[in-house]
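S.K.: missing the sequence, but the structure's below:
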């Protein structure tokens with residue numbers, strides 16, 4: 001299964017944002033990596049470099065590699081609506097992302113692991129594909145045997161995120177993916193228009 005497993009703080013420092021969640025190392029060294037990282041006299045970035053960096057940031061944020069991300073863009077491009085907005089909606093509709101948003105896992109990579117290890121159900125059936133695209137009304141839950149897992153309990157106890165496009169029932173450890181979110185409801189700091197411009201070259 002393809003995924004990024006390299007150093008995360010280094011990537012976060014490259015973009016100047018803690019894109020993988022809270023990171024003490026990032027807070028300590030909030031400047032680009034490398035021996036010239038703290039040097040203020042870095043050259044001006046080209047338009048292409050800015051667009052590429054935005055695409056890389058989106059990919060790392062959602063834990064998607066290039067080919068899968070390109071396929072999502074092509075799908076968004078073919079659909080009705082604003083391409084950039086649809087692209088982010090497709091990313092948000094992935095099963096691993098929704099598990100993370102519900103607070104079942106503290107990070108997206110943790111959510112991906114829970115899905116791969118068959119701890120998550122969709123409409124009562126076990127689904128172990130992190131990139132599974134959810135549709136409006138789908139019910140995502142923790143498998144009966146996995147409800148007592150300490151890692152899930154701890155994550156839910158520390159989660160206080162509330163999103164308008166999903167509803168969570170803590171008693172049954174199930175949540176409903178009500179609808180794909182509007183752009184304003186997506187909290188990620190991604191300039192999707194730059195990604196569209198890059199792929200449209």
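M.R.: Great, that's in hand. Bear in mind the structure is a predicted one, so any value in this text is a computation, not a measurement.
S.K.: ok, now how distant is the residue most central in space within the chain from residue 127?
M.R.: When CA atoms, centre = their mean is applied to the chain, the residue found nearest the centroid is residue 62 (2.9 Å). Taking CB to CB, to the nearest Å as the measure, residue 62 and residue 127 are separated by 18 Å. No exception for glycine: its C-beta is placed from N, CA and C like everyone else's.
S.K.: what's near enough to touch residue 167?
M.R.: Residue 167 sits next to 175-176, 178 when contact means CB atoms under 8 Å, 6 or more residues apart in numbering.
S.K.: Tell me who's in contact with residue 198.
M.R.: By CB under 8 Å, 6+ apart, the contact list for residue 198 reads 48, 51-52, 54-55.
S.K.: per the record, what domains does this protein have?
M.R.: Split into domains by automatic domain parsing, the chain comes to 8-90+188-199, 94-179.
S.K.: Hmm, the residue nearest to the centre of the chain is touching residue 90, no?
M.R.: No: under the criterion of CB atoms under 8 Å, residue 62 lies out of contact with residue 90, with a separation of 9.6 Å.
S.K.: Could I get the full set of helices for this protein?
M.R.: For the chain, the helices defined by DSSP state H occupy 8-15, 24-28, 47-62, 66-78, 83-92, 95-102, 108-116, 150-158, 192-199.
S.K.: Report the distance from the third one to the chain centre.
M.R.: On the basis of CA atoms, centre = their mean, to the nearest Å, the separation between the geometric centre of helix 47-62 and that of its chain is 14 Å.
S.K.: okay, now residue 99: neighbour count?
M.R.: Burial of residue 99, expressed as a neighbour count using other CB atoms under 10 Å, amounts to 26.
S.K.: Could I get the contacting residues of the closest residue to it other than its chain neighbours?
M.R.: Leaving aside its chain neighbours, residue 99 sits nearest to residue 111 (3.9 Å; criterion: CB to CB, 6 or more residues apart in numbering). Taking CB under 8 Å, 6+ apart as the contact definition, residue 111 lies against 96-97, 99-100, 104-105, 130.
S.K.: what do you get if the cut-off is 10 Å, keeping everything else the same?
M.R.: The contact partners of residue 111, taken as CB atoms under 10 Å, 6 or more residues apart in numbering, are 63, 94-105, 119-120, 130, 155.
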